[in-house]
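# Any chance you can model this:
(2 chains)
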Amino acid sequence: MASMDKVTMDLFNDPKSSKVLATTGADGFPNAVPVQSLTAIDENTLAFTVVAVTKTKYNLMENGRVSAVAYQMPPKGCQVKGTFTGFISSGEIFNRMAAMIEKILKVKVYEVGLIEVKEIFPLQVAKAPDGPSPKAVTISDIEVKPLYTPADIADLHYGQDLGYPGNYPYTRGVYPQMYRKQPWTQRLVSGFGTSEESNERLKYLTAHGETGLNVVFDLPTHYGLDSDNEFAEGEVGKEGVPIDSILDMETLFQDIDLGNVSTSLITNYLTVFSYYVAVAQNRKIPIEKLAGTTQNDACTCFAGAKVSVVPIRPSMKLSLDIVEFATRNMPRWNPVSLVGYHYREKGCNAIQEIALTLCTGIAYLNAGMERGMNIDLFAPRLSFFFGAHNDFFEEIAKFRAARRLWAKIARERFGARDSRSWRMRFHTQTAGCSLTARQPMNNIIRTTIQALAAVLGGTQSLHTNSYDEALALPTEESVEIALRTQQVIAHESGVTNTIDPIAGSYYVEHLTNTLEKLSMEIIEKVDKMGGMIEAIEKGWVENEISDASYRYGRSIEKRERVIVGVNRYERPKEEITMKLLKIDPALEKKQLRRLEKARGMQNAGAVTAALNKVRAAARKDENVIPAVIEAAKEYATIGQIFDVFREVYGTVKWR
Amino acid sequence: MGEKRTLRVLIAKAGLDGHDRGALYISRALKDAGMEVIYTGIHYTPKMVVEAAIQEDVDVIGVSILSGAHMTIFEKIFRFLKKEGANDIHVIAGGTIPPEDIAELKRMGVRDVFLPGTDTSDVVKCIKGIVQ
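This is a model prediction of the structure:
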């Protein structure tokens, strides 16, 4: 005889449990039937009623050995083996059982069977294997269980927490049809050499099926320095295309119909944007037809990419100028892309990436409203930009959590009324920091997994990195593979056939909830500090990222995390022999000649007058864009325009 | 005599490059390995890098560059080191540097070049090796 513990008795006595009784008769055939009445009377006895279960009844008469199981979903339960001791039809136990069954089943009970418990076997389906099981964590150090079940998302409410695609809180995607209607925009970053080489690259990509342009500028352009500035030497055309004046912008978009493309300008300030608008106006294209995005996130430029020229507060002011200008004049332009990518590339984890990006979003909503703009006029045009790192499911959950959290913030915290203000539309770039210099071809596989995560996370546009980018800017061949990666996902893998196919996964939904909760904790912390701008000014943001970066790097060096080809499966004495893009040093000279040409076209009086207007607008805290566009048309160089900002606002003192 | 001097290293970001993840990381790892590390922060000119190295009396300068401007910047750093008579300061490099440029950098005088994914213990070994 064995005694049942409380857990076992509770399982048999819980009306939510399913119960089965198995018997075997003289014929040797096992017979298992649901017997919902199985009840633990005491530690040693199970009782049950038999209502028209004749085979069971015969078996019990012929062979008293039985097995009874009580279980619940998610898998938990127990099996009891015992001996049938007979039927009773009177007494306290009979009365109690009969009353219970008559109440539930509305049938008359004539007899109650009793089973003496012999052996007990708990069912251990959901339990982790015993002994030292290696702990599993995501890249962001969230502990992962060996198995997820409905119990992990028991509180998930479909309507409230997921909703249909295109509906609040947009967990399943911002549009009702998602990729069934239109695939994501394939946008590969381009820009190197001079505007002539970059124009060739843009035309090459569009000829190969790219659907949106994505232009990055070189460092002197970011820092508002003319290409002949002493700081610019050796940097011209290296990390992007140099723009010294409107002439370069004109060449960059030569033979490209600005009224008919979507262009993303990866730029930190309004000057490059103003050159772009000026080129369109010179071509007589109405600016309301211009579609695209300016990155223009003053927070990430300061604490992430470190490409700010003037301090954070005036940088925010200049950034808001684009928001205001585009809101008024350019309905198809996304004036700011709130960037999590740079923080992630600097080494933060997925939780911090969500939190810092949304804190930036909060700072922009506040700043826009402080300018007196109606939130529902500018919030719908804010877009976002995330990375896609190696941890496949965590990244998918990250996109979903960020979307849900932003919807709640915009609606509940800021009271936005227009549903478009609640929608987080975002661009994704696969993680540059995950690319390895060793065995670089493996980067194609990493990029594929990351891109797939972005697609399953519902991205609106995507840049896939090329395999050679841990070594140099990509070649035309490596860029083509990166573009083909997206095309294979879009057209061959079948993942676009249905909307948000991952929804309902116990693991991903649970992880989505966890990421949302953990990032909300950081957002609250930043709120307490006074907001994102204050957190950046205190150096808190950079310190947090740097700590996370160190932890992650050490875990790789200690081989707690595997990076294939780097800390496992290394090739001894690997030599990298692939062909890499070489930027001809002569291109820098060529750019200097282009700069001289622009200067030669200036009318000294006109350009000075235009720059004075920029200065006056900045001093009066007016929107400077109209004046900058005018200066651009007078061939003012980027250095001349930024000199005005540096004079009015001062420069950044980097740590 | 007897007591070994703590190794002093200047980690520098030269040029306009703002990618400081690697520089911050290696600074911390070298500190953990018992070295004294001075980190310049971003936007140092080659001249400023050399001046800081001399002023801080370092054994090694580690320059991190991911902008593609490495050729110009190292050429200038060696020119200033020579001008200041500070040829005894060793220079190492890290970042996004095409392998085919490594030979040329080494010819200029760069003792070693570390690409993304380098184990920091290799950098520690390298520094100890070249200084002793």
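# Mind pulling the model confidence for the residue of chain B found nearest chain A?
Here chain B gets closest to chain A at one residue, residue B:72, 2.6 Å apart by CB to the nearest CB. Yep, even glycine has a C-beta here, placed from its N, CA and C like the rest. Here the pLDDT value assigned to residue B:72 is 92.
# Am I right that it falls within a helix?
Yes - assigned with DSSP: H, G, I helix; E, B strand; the rest coil, residue B:72 falls within a helix.
# quick one, what contacts the residue lying closest to it once chain neighbours are set aside?
Spatially, and ignoring its direct neighbours in sequence, residue B:72 is nearest to residue A:234 (2.6 Å; CB to CB, 6 or more residues apart in numbering or on different chains). Neighbouring residues of residue A:234 by CB atoms under 8 Å, 6 or more residues apart in numbering or on different chains: A:588, B:15, B:69, B:71-73.
# re the thing from before, and the residue of chain B closest to chain A, how many residues sit next to it?
A count of neighbours around residue B:72, defined by other CB atoms under 10 Å in any protein chain shown, yields 20.
# same check, this time on residue A:1
By other CB under 10 Å, neighbour count at residue A:1 equals 11.
# Please apply the same query to residue A:98.
Residues lying near residue A:98 (other CB under 10 Å) number 18.
# how near is it to residue A:332?
Distance, residue A:98 to residue A:332, using CB to CB, to the nearest Å: 75 Å.
# And residue A:625, by the same measure?
Distance of residue A:625 to residue A:332, computed by CB to CB: 17 Å.
# Likewise for residue A:635?
Distance from residue A:635 to residue A:332, counting by CB to CB: 28 Å.
# Comparing those two, which residue is more hemmed in?
The neighbour comparison of residue A:635 against residue A:332 (other CB under 10 Å) goes to residue A:635, with 21 against 14.
# My reading is that that one lies in a helix. Confirm?
No - with three-state DSSP as the criterion, residue A:635 is assigned coil and is not in a helix.
# Pretty sure it sits against residue A:601.
Yes - using CB atoms under 8 Å, residue A:635 is in contact with residue A:601, at 4.7 Å.
# Return every residue with contacts to both of those two.
With CB under 8 Å, 6+ apart as the test, residue A:635 and residue A:601 both reach residue A:247.
# which bits of chain B sit near chain A?
Near chain A, the residues belonging to chain B are B:15-18, B:20-21, B:24-25, B:28-29, B:41-43, B:45, B:67-69, B:71-73, B:96-100, B:115-117, B:119-121 when assessed by CB under 8 Å from any CB of the partner chain.
# Mind giving me the PyMOL command for buried ones among the residues you listed?
Only the buried members of the residues of chain B next to chain A enter the following PyMOL selection, criterion being 16 or more other CB atoms under 10 Å in any protein chain shown:
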select buried, chain B and resi 15+16+17+18+20+21+24+25+28+29+42+43+45+67+68+69+71+72+73+96+97+98+99+115+116+117+119+120
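# Narrow the residues of chain B next to chain A to those in helices?
If you go by DSSP state H, the residues of chain B next to chain A have B:21, B:24-25, B:28-29, B:71-73, B:99-100, B:120-121 in helices.
# Can you say which helix or strand has residue B:107 in it?
If you go by DSSP states H and E, residue B:107 is part of helix B:99-108.
# ok, now residue A:443?
helix A:442-456.
# How far does the helix or strand following that helix sit from its chain's centre?
Downstream of helix A:442-456, the next assigned helix or strand under DSSP H and E is strand A:461-463. In this view, strand A:461-463 has its centroid 12 Å away from the chain centroid, taken as CA atoms, centre = their mean, to the nearest Å.
# Just after strand A:461-463, pick out the following helix or strand.
With elements assigned by DSSP H and E, the helix or strand that comes after strand A:461-463 is helix A:476-491.
# Please see if that following helix touches chain B.
No - using CB under 8 Å from any CB, helix A:476-491 stays clear of chain B, coming no nearer than 12.8 Å.
# quick one, what contacts residue 113?
As the question left the chain open, I've gone with chain A. Shown in contact with residue A:113 (CB under 8 Å, 6+ apart): A:47-50, A:60, A:84, A:86-87.
# Wait, chain B was what I had in mind.
B:92-94, B:97, B:102, B:105-106.
# which pair in these spans the largest distance?
The distance between the two most remote of those (CB to CB) is 13.9 Å, for B:94 and B:106.
# The stretch 301-450 of chain A against chain B: which residues are in contact?
Neighbours of chain B within the stretch 301-450 of chain A, by CB under 8 Å from any CB: A:305-307, A:345-347, A:433, A:435-438.
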